[in-house]
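Enquirer: Mind looking at a prediction? Sequence and model below.
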Amino acid sequence: MAIDSEAPSVTYAPRLIRYTTAIIVAAAPVVAAAPFFIHWSALGGADLVGIALFALAATIAESKPVPLDENASRVVTLSFIFILAEQALFGWAWGVLAAVLCMGVSQALERVTARRLIFNTSVYALATAFSALPGAVIHWQGASLDTTHIGRLTSAVLLGGALFVVTNVVLVAIVAALAQGVTVRSMLDDYVRHAGPAFAVMGFIAALATALWRLAPALEFLLAGPLFALALAQRYAYRSVVAKSAAETDGLTGLRNHRAFQDDLRSAIEDPGATGVLVTMDIDDFKSINDRFGHPAGDEVLVLLAEVLHGQFGREATYRVGGEEFSLLIAGVTVAEAQEAAEVLHRTLRATSFPHGENVAVSVGMASNRDELLRAADSALYWAKNHGKARTCVFHPRLMPVRTRQQIADDAERQARLRAAESLIRIVDAKDTYTGQHSQSVSRLVEAIGRTMQLDEDMVVQLRLAGLLHDLGKIATPDSILRKPSALSPEEQEVLRGHAELGYRLVEGLGVAPVDQWIRHHHEAWDGSGYPHQLAGDDIPLGSRIILVADAFDAMTSERAYREGGSVTAAIAELRRCCWTQFDARVVAALEQHLAESTPPLAATA
């Protein structure tokens, strides 16, 4: 194994230069001394052929590396087999020279930097030299063992191979850790996980190659089968890694995708010792970016945001799980630390220039509880989206319910429809003869009446919405009727009365019951003379009775295009006069109380 993740034009950090220089200096005397430890007089013709063949095989194998990951940043070659066999059969000196030859030639062909070439060659030379130590210590050197000592020879090769691997992996892991700014332990774990099995198999094949040569050099041809099988297995494993990576990678951003997220989330939840925080995020107003600037611009936003997330949190923790949805699985941190990281992200995005010329913000939700972890994080995200966006919310069960993604999607759709309805209301107000915002005024009044009557908070919120949408059905009423300054004809009155039923139909499908029924009956009178269904008394929904009072009060006190608004005092007097015929007196009393308690008292204004 050698470092295989740097470009030839790389600029080395000072500590990396110091470390690689130390390894090169340590290997230099080993390589320089090797020729002087060769016993030429003890070599026969067959030995020279074997030395040449093993060195040539190692060189060829080193030029055909097999990647261990999808980025080919880690590779392994079969040269280990031939170098180890050469060292065991003919001595450490020949093994070191073969290592220098095969690594030097392959690195030169790749046109790597001189420092990288010399470092990788030095690592191979040192690993090969160390691999000879077990045999030297127990006096089981291959050159002195004949066919009667195959077991000892095999043991010496396996022990030497283990020491070769340890030396190689440790030296390469250290330089990789220094280059990437990670811990040596993490790199060791990574290399052992990826390359350990391959080296173990190659160690046994090296022992086989050594034993076959001792029995009869011609038997080395029997290695073709195991070598071919190993090469196939390594390439199949590499293709499997690439295929798995492709299946778990988002094609646009290069981040891990929804499938990888679900697998990793499941593993994190099932691991009793795992700690960390799940973060879900959504790009604010992303649809607007696509609509105004086009989908290519939207894709550029996604890619740049992915780069920001990758840079801050790393690829393994970052996922694109939907169109504009991203998730993070941040291991080993507290919620407070995750919140701080999210704030750093918000600041980074505000300082980032996006191709379409506008800032991009994200809403963030996070959770750390194991029970319904994803739902909790999504619920926190939903809260953040609906409380100003561009912010972070941590899930708390007392403040927000746990919602499924379908519930959140349904609610988002409902909110979108409500926003559309609110836009239509502005059109209705513009069509009508009110000079102000009648629907907004009625909405504020019904909310105040509800609070004065000490209704529960959910009903107050529903009243506010119903007051805003109560005249939605007027969208279909002709302007000639809405703006007519004189009395309406019976036919015109019938058309106008249809707005209550139409408003109900428009709101019915928004999932905001009982608001739709309140709108339907907000013109019913206490004595049953109203419309559309002539309900009377308590049969009229309370919400409808409150809207009727607020609507009438605002109509009497607001300016119209053809007249000035009346006084508050006169409006209250008229409401009192019509109590228990048109209006519920209890609602009128609540309105009076609200007006009396307001600052300045509205009842004093004309």
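Expert: Okay, I see it. Nothing here was measured: the structure is a model prediction, and the numbers come from that model.
Enquirer: Could you list the domains of this structure?
Expert: Annotated domains of the chain cover 14-247, 258-402, 410-604 [automatic domain parsing].
Enquirer: Compile these into a markdown table and extend it with columns for mean pLDDT.
Expert: Putting these into a markdown table (pLDDT from 0 to 100) gives the following:
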| stretch | mean pLDDT |
| --- | --- |
| domain 14-247 | 83 |
| domain 258-402 | 88 |
| domain 410-604 | 82 |
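Enquirer: mind listing what's buried in stretch 324-332?
Expert: 324-330 (16 or more other Cβ atoms under 10 Å). Heads up, the C-betas are built off the backbone N, CA and C, glycines and all.
Enquirer: Can you report how many residues lie near residue 554?
Expert: Neighbour count of residue 554, defined by other Cβ atoms under 10 Å: 23.
Enquirer: State the three-state secondary structure for it.
Expert: Using DSSP: H, G, I helix; E, B strand; the rest coil, the secondary structure recorded for residue 554 is helix.
Enquirer: Show the contacting residues for it.
Expert: 438, 441-442, 445 (Cβ atoms under 8 Å, 6 or more residues apart in numbering).
Enquirer: Which member of those residues is positioned nearest residue 353?
Expert: residue 441 (43.2 Å; Cβ to Cβ).
Enquirer: Quick check: chain neighbours aside, which residue is closest to that closest one?
Expert: residue 554 (4.8 Å; Cβ to Cβ, 6 or more residues apart in numbering).
Enquirer: before we move on, what about residue 574?
Expert: Using Cβ to Cβ, 6+ apart, the closest residue to residue 574 is residue 556 (6.4 Å).
Enquirer: Residue 19 is in contact with residue 175, correct?
Expert: Yes. Contact between residue 175 and residue 19 holds when scored by Cβ atoms under 8 Å: they sit 6.2 Å apart.
Enquirer: Could you check which of these two has the larger neighbour count?
Expert: The residue with more neighbours, out of residue 175 and residue 19, is residue 175; 22 against 19, by other Cβ under 10 Å.
Enquirer: before we move on, which element is the more buried one in?
Expert: Here residue 175, judged by DSSP states H and E, is contained in helix 150-180.
Enquirer: So what's the residue count around the residue nearest to residue 574?
Expert: 17.
Enquirer: And residue 491, by the same measure?
Expert: Other residues close to residue 491 by other Cβ under 10 Å number 9.
Enquirer: do the same with residue 287
Expert: Counted with other Cβ under 10 Å, residue 287 comes out at 12.
Enquirer: Now it. Its backbone dihedrals?
Expert: Backbone torsions of residue 287, given as degrees, to the nearest 10, read phi -60, psi -40.
Enquirer: And it, how far from residue 98?
Expert: From residue 287 over to residue 98 the distance is 63 Å, taken as Cβ to Cβ, to the nearest Å.
Enquirer: Same check on residue 546?
Expert: Taking Cβ to Cβ, one finds residue 546 at 94 Å from residue 98.
Enquirer: residues of stretch 482-490 that come out buried?
Expert: So for stretch 482-490, counting by 16+ other Cβ under 10 Å, buried means residue 482.
Enquirer: nope, stretch 572-592 is what I was after
Expert: So, applying 16+ other Cβ under 10 Å, buried residues of stretch 572-592: 572, 575, 578-579, 582-584, 587-592.
Enquirer: what about the helices in the stretch 151-300 of the chain?
Expert: In the stretch 151-300 of the chain, the helices defined using DSSP state H, counting those that start in this stretch lie at 184-215, 224-247, 258-270, 286-293, 295-313.
Enquirer: Redo these as a markdown table? Include distance to residue 344.
Expert: Compiled in a markdown table, the helices of the stretch 151-300 of the chain are given as follows (distance: least, Cβ to Cβ, whole Å):
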| stretch | distance to residue 344 |
| --- | --- |
| helix 184-215 | 23 |
| helix 224-247 | 28 |
| helix 258-270 | 22 |
| helix 286-293 | 21 |
| helix 295-313 | 7 |
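Enquirer: and those, which is most packed in?
Expert: helix 184-215 (a mean of 19; mean count of other Cβ atoms under 10 Å).
Enquirer: what packs against that one?
Expert: Using 3 or more Cβ pairs under 8 Å, 6 or more residues apart in numbering; DSSP states H and E, the elements in contact with helix 184-215 are strand 75-76, helix 79-90, helix 150-180, helix 224-247.
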